[in-house]
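**Student:** Compute the structure for the input listed below.
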Amino acid sequence: MSLDRPELAVRTGLGRAMEDSWQSLGSPGTRWTGSERIRIVAEARAARLATSPGQEDDVMARAAWKVAASPASIRRHWVDALARDGLDPGRYVELVGIVSRAVAIDTVLEALGLEIEPLPQPVAGDPSEDVDQRAGKVKAWVPMVGGASITQALSMVPAENAKLEALHGALYLSFEEMADPKPGKELTRPQMELVAARTSAYNECFY
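**Tutor:** Below is the predicted model:
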């Protein structure tokens, strides 16, 4: 994604970080194949651009639509129902990471007045099944490593958690930087937090 254009005035390297994250969506993950991950991205994109619900008989599509289009309406009982319908916590956690990154990349491009990217090509291979066995149910709705925290939300699936942090760091701040009130980028830290707070309020984030 070539964002290094004078008229865009965006941070050097942001396009590369977004491109790397976008292409990785087509690679086999922890619990989903590359083709399945691309389908999740397609469902998430369809959800943002449409008003009708996802396929009610397809638990993966149903989850992708809700996470992409109405995350503020997600509640514990809905997550538990997904598990009963076959979407176990590992698959759900990875799906949340996939949808979060796909939506973030699409909306950044839209905000810059650019065309959204075509779906990545799926990469053949089997899911790694590499979940962190230390993850427990603490006070969160899904198993996490350590306490219930926004930075630990995807910690059950280390590979997806790392991909999310890499994109998060490029678009905003790394998880480590978030704990320090001093770091800023093109904006000062107070300016960054004002934008972040307004965005969170707009998206009805209850965290």
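**Student:** model confidence over the lengthiest helix in the chain, on average?
**Tutor:** Longest helix of the chain, by residue count under DSSP state H: helix 89-111. Averaging pLDDT along helix 89-111 gives 96.
**Student:** pLDDT below threshold where in this structure?
**Tutor:** Low-confidence segments of the chain (pLDDT under 70): 4, 51-56, 207.
**Student:** contact partners of stretch 111-120?
**Tutor:** Applying Cβ atoms under 8 Å, 6 or more residues apart in numbering, the external contacts of stretch 111-120 come out as 1, 3, 8, 10, 22-23, 25-26, 38, 41-42, 45, 105-106, 109-110. Heads up, the C-betas are built off the backbone N, CA and C, glycines and all.
**Student:** Can you give the distance from it to the centre of its chain?
**Tutor:** Computed by Cα atoms, centre = their mean, to the nearest Å, the separation of stretch 111-120 from the middle of its chain amounts to 16 Å.
**Student:** buried residues in it?
**Tutor:** Residues of stretch 111-120 classed as buried: 116, 117, 120 (neighbour count, 16 or more other Cβ atoms under 10 Å).
**Student:** Over to stretch 1-18?
**Tutor:** In terms of neighbour count (16+ other Cβ under 10 Å), stretch 1-18 has its buried residues at 1, 3, 14, 15, 17, 18.
**Student:** before we move on, what about stretch 116-136?
**Tutor:** For stretch 116-136, by 16+ other Cβ under 10 Å, it's 116, 117, 120, 122, 123, 127, 131, 135.
**Student:** Of the residues you listed, just say which sits nearest to residue 180.
**Tutor:** Relative to residue 180, the closest of the buried residues of stretch 116-136 is residue 135; by Cβ to Cβ it sits at 26.5 Å.
**Student:** Among the buried residues of stretch 111-120, which ones are in strands?
**Tutor:** Among these, DSSP state E puts none in strands.
**Student:** and which of the residues you listed is nearest to residue 58?
**Tutor:** Nearest to residue 58 out of these is residue 120 (Cβ to Cβ; 21.2 Å).
**Student:** The residue nearest to the closest one when sequence neighbours are not counted: neighbouring residues, count only.
**Tutor:** Take residue 120 and drop its neighbours on the chain: the residue closest to it by Cβ to Cβ, 6 or more residues apart in numbering is residue 26, 3.6 Å away. Using other Cβ atoms under 10 Å, residue 26 has 18 neighbouring residues.
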